[in-house]
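> Generate a structure from the sequence data that follows.
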Amino acid sequence: MTRSLPRFLQGAFDKKATLLAFALGLVTIVAAWGSQLIGGLVPCELCLEQRLAYYWGLPVLAAILVLWNRLPLAVWYIAMAVAAAIFAWGTYMGAYHAGVEWGFWPGPTACTGLGSTDLSFGDLNGEIEAVIPCDKVQFRFLGISLAGYNALISLAIVGLLLIAVVDQVRRYRKA
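Prediction:
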């Protein structure tokens, strides 16, 4: 007895994988904002840097999805490559930050080291902001920090985009 796939999984995977990548990215950045605005977690410099992949990548994915049937195939491939590269950079940033948190390598001196010791109070002009340390974990779930989860989620988005491209190539070669 053979079972057929659910209707959603039948047919082309390119648009479904791209839509899932967009949804995963959107949920992730909304959760990051929620952890800050509702949960009270204050992002460090590296946390804010990791968010850039979502700020740049999600509009690219949204444009791809909105213009799906109107993009020439070459432009579609280029746009997907750009989106995958943005989230690959996000994967790197998340893994880098997680490594800083675990002490595998040093982080930026602006938020993990002593920084410059020749700074005087006169240089600050009376404006002192609290520096959130990049090497201290504010929240862990199942032993993984939010930076670690960001690396895994960004990697999943890259994987979904690669699945979409491979499916598009497979279907194009059949035609």
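> For the rest of this, base every contact and every neighbour count on C-alpha atoms.
Noted.
> what about the stretch of helix or strand Gly94 belongs to, distance to the chain center?
In the assignment (DSSP states H and E), Gly94 maps to helix 73-102. Computed by CA atoms, centre = their mean, to the nearest Å, the separation of helix 73-102 from the middle of its chain amounts to 7 Å.
> Report the mean per-residue pLDDT for the strand or helix carrying Val30.
Using DSSP H and E, Val30 sits within helix 14-37. In this model, helix 14-37 has a mean pLDDT of 92.
> Tell me which other helices or strands the helix or strand that it is followed by touches.
Downstream of helix 14-37, the first helix or strand assigned by DSSP H and E is helix 45-66. Secondary-structure packing of helix 45-66 (3 or more CA pairs under 8 Å, 6 or more residues apart in numbering; DSSP states H and E): helix 14-37, helix 73-102.
> try it again with 6 Å
Under the contact criterion of 3 or more CA pairs under 6 Å, 6 or more residues apart in numbering; DSSP states H and E, helix 45-66 touches helix 73-102.
> mean confidence for the helix it packs on?
Mean predicted lDDT for helix 73-102 stands at 92.
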